[in-house]
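Engineer: All I have is the shape, not the residue letters:
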């Protein structure tokens, strides 16, 4: 099995970005709707305690599970799901900040690939892996952890959860297509 090249990561990033575009909400809510929904989510949770979510708590993907799946599907996958969570929680500024990671990730991958070459071997490959792992750790502490804390404080541990089936199936299908596309593109070039 060949190593993933820069081409692999860019195609995967493109597919995941298109997935995010397909899943994002279509209806734009007015500012009054957003404020009343935010009050419905935060006010009862603050008075009733963090451990009892309200009926107004929207279903969310577990932020830490999204981070774990991002080890397989890149932080682009996690950024899309975390952005959807922020949107459901009516935190639109945070949603936009989180989705920025789906743009930053391909740039980081390109920079790391340029640093040592796309098909690096030996110590250069180890350095590239360390830099990418460091990037994932940074992404976790800057993007995932704040949402995990927010969800725990505002919604408690027993909030309604979204199912993982559809996002994981879509990401897996993209991954399979991506791997087979690589095999046919590079096999025909040889």
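Structural biologist: Now that the structure is in, tell me what you want to look at. Since the structure is predicted, the reported quantities are computational estimates derived from the model, not experimental observations.

Engineer: give me every residue that touches residue 159.
Structural biologist: When contacts are counted by C-beta atoms under 8 Å, 6 or more residues apart in numbering, residue 159 touches 53, 57, 59, 60, 151. C-beta coordinates here come from the backbone N, C-alpha and C atoms, glycine included.

Engineer: Over to residue 132?
Structural biologist: Counted by C-beta under 8 Å, 6+ apart, residue 132 has contacts 108, 109, 112.

Engineer: And the first one, how far from residue 150?
Structural biologist: Which is residue 108. Counting by C-beta to C-beta, to the nearest Å, the gap from residue 108 to residue 150 is 25 Å.

Engineer: Pick out whichever of the two has more residues nearby.
Structural biologist: residue 108 (19 against 16; other C-beta atoms under 10 Å).

Engineer: could you say which helix or strand contains the more buried one?
Structural biologist: Element membership for residue 108, per DSSP states H and E: helix 101-116.

Engineer: Point to the helix or strand of the chain where mean pLDDT is at its lowest.
Structural biologist: helix 31-48 (a mean of 53; mean pLDDT, DSSP states H and E).

Engineer: so what does the helix or strand just after it touch, helix or strand wise?
Structural biologist: Using DSSP H and E, the helix or strand that directly follows helix 31-48 along the chain is helix 63-88. Where contact means 3 or more C-beta pairs under 8 Å, 6 or more residues apart in numbering; DSSP states H and E, helix 63-88 is packed against helix 6-23, helix 92-99, helix 101-116, helix 123-139, helix 145-155, helix 165-189.

Engineer: by contact count, what packs against the helix holding residue 108?
Structural biologist: Other helices and strands packing on helix 101-116, by 3+ C-beta pairs under 8 Å, 6+ apart, are helix 6-23, helix 63-88, helix 123-139.

Engineer: ok but residue 158 is inside a strand, no?
Structural biologist: No: read with DSSP: H, G, I helix; E, B strand; the rest coil, residue 158 is coil and lies in no strand.

Engineer: State the pLDDT value of it.
Structural biologist: Note on residue 158: pLDDT of 85.

Engineer: and what of residue 126?
Structural biologist: So residue 126 comes in at 79 (pLDDT).

Engineer: still on that earlier bit, among the contacts of residue 159, which one has the lowest pLDDT?
Structural biologist: residue 53 (50).

Engineer: Pull out the buried positions in the helix holding residue 108.
Structural biologist: Buried residues in helix 101-116, counted by 16 or more other C-beta atoms under 10 Å: 101, 102, 104, 105, 106, 108, 109, 112, 113, 116.

Engineer: quick one: terminal-to-terminal distance for stretch 137-153?
Structural biologist: The straight-line separation of the ends of stretch 137-153 (C-alpha to C-alpha, to the nearest Å) is 23 Å.
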